[in-house]
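Enquirer: Sequence and predicted structure, then a few things I'm wondering about:
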Amino acid sequence: MTKHIVRFILNGRAVKIEVEPRTTLLRTLREIGVISVKRGCEEGECGTCTVLVDNSPQKSCMILAMEVEGRSVTTSEGLIFPDGELHPIQQAFIDEGAIQCGYCTPGMVMATYALLMRSPDPTEEEVRNALAGNLCRCTGYVSIFRAVKKASAMMKKLPQGAGDR
Amino acid sequence: MRQIKTKTGIGRWLPRKFDREKAAGTLEFTDDLRFGPELLHARAVRSTIARGRILSIDYEDALKVDGVIKVVVGKDFPHHFGLYLKDRTPMAIGQVRYVGESVALVVAESEDAAEEGAAHVKVEYDELEPVFDPVKAATNNDILVHPDLHKYDHVGFVTPQPNTNIATWFRIRRGEVDKAFKETDHFFEETVTCPQIAHGFLETHCCICKHEKASPELTIWTSAQSAFTVREIIAKGIGYPLNSVRVIAPPIGGGFGGKAGMTIEALCLAAAMDPDIKGRPVKLFIPREEVMISSWVRQGYVARIELAVSKEGKIQAIRNSFWFDTGVSAEYGANPVRSAGYTSTGAYYIPNVWTDCYAVYTNKPFGGAYRGFGLPEFMGALELVIDTVANKLGIDPVEFRKRNLLKKGLPTCTGMPMHDHGLESIITKVAQKINYDQKEEPIRPGWKRGKGIALAIKAPAIPADASSSAIVKINGDGTIEVLAATMDMGQGTYSAFAQMVSEEIGVPYDWIKVHFPDTKSHPYDWQTVASRSTWSMGMAVKQAAISAREQIIKLYSEFWEVPEDCISIEYGSVICSKLGKSERLDERIQNGFKMPDGILKGGPIIGTGSFTPPDIVYPDLETGQSPKSVVHFTVGAVGIDVEVDPGTGQIVVNNVAAGYDVGKAISPVGIMGQIEGGTIQGISACLMESMSYDEHGRLLTPDFTDYKIATTMDVPSSVDAFWEEVPEELSPYGNRGVGEHSMISPAPALNNAVYDALGIRIHSYPLSRERVFKAVRALSNGEKDFWEWPYELEQVFRRAKKSWE
Ligand code: FES
Ligand code: FES
């Protein structure tokens, strides 16, 4: 199959990749070593492949790579600060015991990030809704609820814009 | 005197090992490993019928697909594999036995090519009539799923019945059951059904096998709970020495039993060992839908329980008949059936016991290990029956449970005396936490509110000789590496091991690393199953740590010329207060100490530890009796406060409390996580989970759209998790496992709460909205009991009920 060039911003850096038109963003990202996106189902059901496209959370298995031409894609790796420090959301997941096997975690973190960007102080209802498309079989979600709450508090303490990635 | 000081030993709340990498998303799971362009990809062609003879497999067209290099079929790789009963070949040979069974494997240069190749393989079958319901399969031998059952190798405690569909039959014969039933004041008979359910781990199966071109050496990277058991099953299956099979187990994305024993490795091996392929690694990634149709499931069951109860409310006798639907293979599934059987009085003392537990072959995916291993199944039934009986007798269900509790010293159903435990106080606490004694008004107008309790009990269901060993290496800077071949799949055992090492050697937790299993470097461990690791591997890790510590102290004692008991290790430094010396562990630990006599002594310090349970005796095959059938039991209780919408059948959990006697909490954050997660997994199973098949045995729920598991929208805001610590005698620190136990009793507790809310007993899991709604309607017609099943179980039950009447 003929390949096409797609250009987009990946975690703040411009990338240029050759892809087949049918290749999903999930497979493309994994191909270039972005392993935080996981293929839990490749059918849009589990959320392990969640990334931000511009500022909206998307299941990368449901988008073709060519669709992100000219857009900005952020994954869990992209939240890490340049000095290697974890993002407050990632740290809050650790602090609250919200990580077990860790397979859902990067997707959960990205869905949480998208939520807190648009609603810095979400109600439980909002949290449930925002994470409803991200399955977790290990934690039972209750620790994730705590983590989101904690992340929201931690991010408020950051200087304006410091938590934006 | 303990010569150790640490702030990061057992019992501390610490950040868990590998959490950082998991949060970042940089931890490499099996699918994330890279092998370069020599990697080949395999894809299975799967049976579309439930039972039949394979007439032909035509793969000419598949070979024409660009990138496809080979197609292997069952007869090319005719080895039998299995943990307890070798009833499985990686691919069907001659006949298929369920929809989803692999019949061929297409190997290609890319995943896409393998997938396309698989679509081009044509298989013709001569269809035969299948059997789906376990009671029919157990009682009628017209259709035999395994006509060759008598030929299969099996361990001594599995009892296949040749020329039937019974893969194992576990029995308890204790006391005078008939007499007790004849003379009893009250007699009860209840039935419960539950369908097969799926593990639902988010990482699907994935494995890479590479066979060396010129020598019989094999390397397997696999998403497996138990690297050594994969090695053993594979090595035995193909007749290789153990040291020619290397198994590397990267982190796994959830197991819950579904990655225990051997899963897809032998199938992948069928390609990797092909003469045309040897020398190249072959990857087998199983997409979600294939996981659902072709992986292990929790066995479905049809249960009948009879109880004889005295007028004082004491249970005098129990008669259990459990038909477990083990599907097409019982290689592993035979053992949860036993596990249920040898715990078949639950957490109660019942003097007269008659139990028949059958693993019954049917033409469905195979039953295997699943969190709780027979006990969510058994207690899912027994705890409903206990509740029903208490209500019928007009005794408070909590009081009835306490009255019949399996207290210390009383015999279990195998005759083994129960050890000390904190169950009574846990029951009281659980009841308090959900205000059990108070009938509360529903929060939602028009809804019905109810409360229910259920008890949990389970022993590690392990072979009598399931062993563990560990190595603790002290590095030249005082940091430590632990080789313990347990899989940390999120339960947090590596954190627990690091805490044990910190406790014993006095170095900070952060200096200690625990590595994921590789059979080439790690010493042996049986499996990461049965909630055994912090206990069994914990014994080995503790011993290894103590041995390393003793070596350090001995060397320092000679070096400083002071008695050993003047030396301590505190926060990573070796200290002698008498001499006023304090030195950080450094390269001398690795390279030796120049002793006062001028001789260099020491060298790298390695602590080792080994453990095997000393005194388990397999239950007698005829009576199920044994002086020590299991190592110990973990007990607990769950209380649930629910509300039901009679208009829609929706159930909302207001509050859930769950407590277990863990003996000693080594890593509280891990225990908390296990209780929270297992409780929700149990609630999820109870409310929505069912593998449903059509009349041809085709799975109707092959993905997360149709196979529902709990999402954020379905769970309570929190789980009130707690634990007691009545120490275990033979245990590293008194600790007992709890990983599986949290999933045992949420379902019956919830069911009991729904009964309390509505006044009708639902005898079939799951309690889906539709089913609850129908039960509400049945109630308005004056019914007190409600049964309903997925299609094929309905047939089972109709027939079974008739035969019982
Ligand atoms: S892999 Fe994309 S939603 Fe599951
Ligand atoms: S932590 Fe395992 S799926 Fe969420």
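Expert: Done, it's in. Numbering: from 1, shown residues only, chains lettered A, B, ... in the order given. Ligands and ions are numbered 1, 2, ... in the order given.
Enquirer: how near is B:Val738 to ligand 1?
Expert: 30 Å (CB to the nearest ligand atom, to the nearest Å). Where you see a C-beta, it was placed from the backbone N, CA and C, and this is true even at glycine.
Enquirer: Please tell me how far that residue sits from B:Trp560.
Expert: Here B:Val738 is placed at a distance of 43 Å from B:Trp560 (CB to CB, to the nearest Å).
Enquirer: These two: which has the busier surroundings?
Expert: B:Val738 (25 against 18; other CB atoms under 10 Å in any protein chain shown).
Enquirer: Regarding that one, what are the backbone dihedral angles?
Expert: Main-chain dihedrals, B:Val738, degrees, to the nearest 10: phi -140, psi 0.
Enquirer: SS state for the residue nearest the centre of chain A?
Expert: Chain A has A:Met110 as the residue nearest its centroid, 2.7 Å off, counting by CA atoms, centre = their mean. With DSSP: H, G, I helix; E, B strand; the rest coil as the basis, A:Met110 sits in helix.
Enquirer: so who does it touch?
Expert: Listed by CB atoms under 8 Å, 6 or more residues apart in numbering or on different chains, the contact partners of A:Met110 are A:Thr50, A:Val51, A:Leu52, A:Pro57, A:Thr74, A:Thr75, A:Ser76, A:Leu79.
Enquirer: now swap in B:Glu587 and tell me
Expert: Contact analysis of B:Glu587 by CB under 8 Å, 6+ apart lists B:Gly476, B:Asp477.
Enquirer: List, one by one, the residues from chain A near ligand 2.
Expert: With CB under 6 Å from any ligand atom as the criterion, chain A meets ligand 2 at residues A:Ile99, A:Gln100, A:Cys101, A:Gly102, A:Tyr103, A:Cys104, A:Thr105, A:Cys136, A:Arg137, A:Cys138, A:Thr139.
Enquirer: Let me have the contacts of A:Met110 in JSON lines, extended by pLDDT, secondary structure and neighbour count.
Expert: Listed next are the contacts of A:Met110 as JSON lines, based on pLDDT from 0 to 100; DSSP: H, G, I helix; E, B strand; the rest coil; neighbours: other CB atoms under 10 Å in any protein chain shown:
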{"residue": "A:Thr50", "pLDDT": "98", "secondary structure": "strand", "neighbour count": "30"}
{"residue": "A:Val51", "pLDDT": "98", "secondary structure": "strand", "neighbour count": "29"}
{"residue": "A:Leu52", "pLDDT": "98", "secondary structure": "strand", "neighbour count": "24"}
{"residue": "A:Pro57", "pLDDT": "97", "secondary structure": "strand", "neighbour count": "23"}
{"residue": "A:Thr74", "pLDDT": "98", "secondary structure": "strand", "neighbour count": "21"}
{"residue": "A:Thr75", "pLDDT": "98", "secondary structure": "coil", "neighbour count": "23"}
{"residue": "A:Ser76", "pLDDT": "98", "secondary structure": "helix", "neighbour count": "30"}
{"residue": "A:Leu79", "pLDDT": "97", "secondary structure": "helix", "neighbour count": "25"}
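Enquirer: could I get these as JSON lines with distance to A:Ile35?
Expert: JSON lines is the format used below for those (distance: CB to CB, whole Å):
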{"residue": "A:Thr50", "distance to A:Ile35": "14"}
{"residue": "A:Val51", "distance to A:Ile35": "13"}
{"residue": "A:Leu52", "distance to A:Ile35": "17"}
{"residue": "A:Pro57", "distance to A:Ile35": "19"}
{"residue": "A:Thr74", "distance to A:Ile35": "15"}
{"residue": "A:Thr75", "distance to A:Ile35": "9"}
{"residue": "A:Ser76", "distance to A:Ile35": "10"}
{"residue": "A:Leu79", "distance to A:Ile35": "15"}
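Enquirer: and which of those residues is nearest to ligand 2?
Expert: Nearest to ligand 2, judged by CB to the nearest ligand atom, of these is A:Thr50 at 12.4 Å.
Enquirer: nearest residue to that closest one other than its sequence neighbours?
Expert: Distances taken as CB to CB, 6 or more residues apart in numbering or on different chains place A:Gly107 nearest to A:Thr50, at 3.7 Å, with adjacent residues excluded.
Enquirer: tell me the contacts of the residue in the stretch 601-750 of chain B that ligand 2 sits nearest to?
Expert: Proximity of the stretch 601-750 of chain B to ligand 2 (CB to the nearest ligand atom) peaks at B:Gly677, 8.0 Å away. The neighbours of B:Gly677, taking CB under 8 Å, 6+ apart as the test, are A:Gln100, A:Arg137, A:Cys138, A:Thr139, A:Gly140, B:Ser742.
Enquirer: Near ligand 1, list only the ones from the residues of chain A next to ligand 2.
Expert: With CB under 6 Å from any ligand atom as the criterion, the residues of chain A next to ligand 2 include none near ligand 1.
Enquirer: and chain B, which of the residues you listed reach it?
Expert: The subset of those within reach of chain B, by CB under 8 Å from any CB of the partner chain, is A:Ile99, A:Gln100, A:Cys101, A:Gly102, A:Tyr103, A:Cys104, A:Thr105, A:Cys136, A:Arg137, A:Cys138, A:Thr139.
Enquirer: contact partners of the lengthiest helix in chain A?
Expert: When chain A is parsed with DSSP state H, its longest helix is helix A:142-157. Under the criterion CB under 8 Å, 6+ apart, residues A:88-89, A:91-93, A:95-98, A:108, A:112, A:115-116, A:120-122, A:124, A:127-128, A:131, A:136, A:163, B:672-673, B:676, B:680, B:712, B:715-719 lie in contact with helix A:142-157.
Enquirer: ok so, going back, just the buried ones among the residues of chain A next to ligand 2, please.
Expert: If you count burial by 16 or more other CB atoms under 10 Å in any protein chain shown, the buried members of the residues of chain A next to ligand 2 come out as A:Ile99, A:Gln100, A:Cys101, A:Gly102, A:Tyr103, A:Cys104, A:Thr105, A:Cys136, A:Arg137, A:Cys138, A:Thr139.
Enquirer: Please tabulate those residues in JSON lines, including the columns secondary structure and pLDDT.
Expert: Below are those laid out as JSON lines (DSSP: H, G, I helix; E, B strand; the rest coil; pLDDT from 0 to 100):
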{"residue": "A:Ile99", "secondary structure": "coil", "pLDDT": "98"}
{"residue": "A:Gln100", "secondary structure": "coil", "pLDDT": "98"}
{"residue": "A:Cys101", "secondary structure": "coil", "pLDDT": "98"}
{"residue": "A:Gly102", "secondary structure": "coil", "pLDDT": "98"}
{"residue": "A:Tyr103", "secondary structure": "coil", "pLDDT": "98"}
{"residue": "A:Cys104", "secondary structure": "coil", "pLDDT": "98"}
{"residue": "A:Thr105", "secondary structure": "helix", "pLDDT": "98"}
{"residue": "A:Cys136", "secondary structure": "coil", "pLDDT": "98"}
{"residue": "A:Arg137", "secondary structure": "coil", "pLDDT": "98"}
{"residue": "A:Cys138", "secondary structure": "coil", "pLDDT": "98"}
{"residue": "A:Thr139", "secondary structure": "coil", "pLDDT": "98"}
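Enquirer: Thanks a lot, catch you later.
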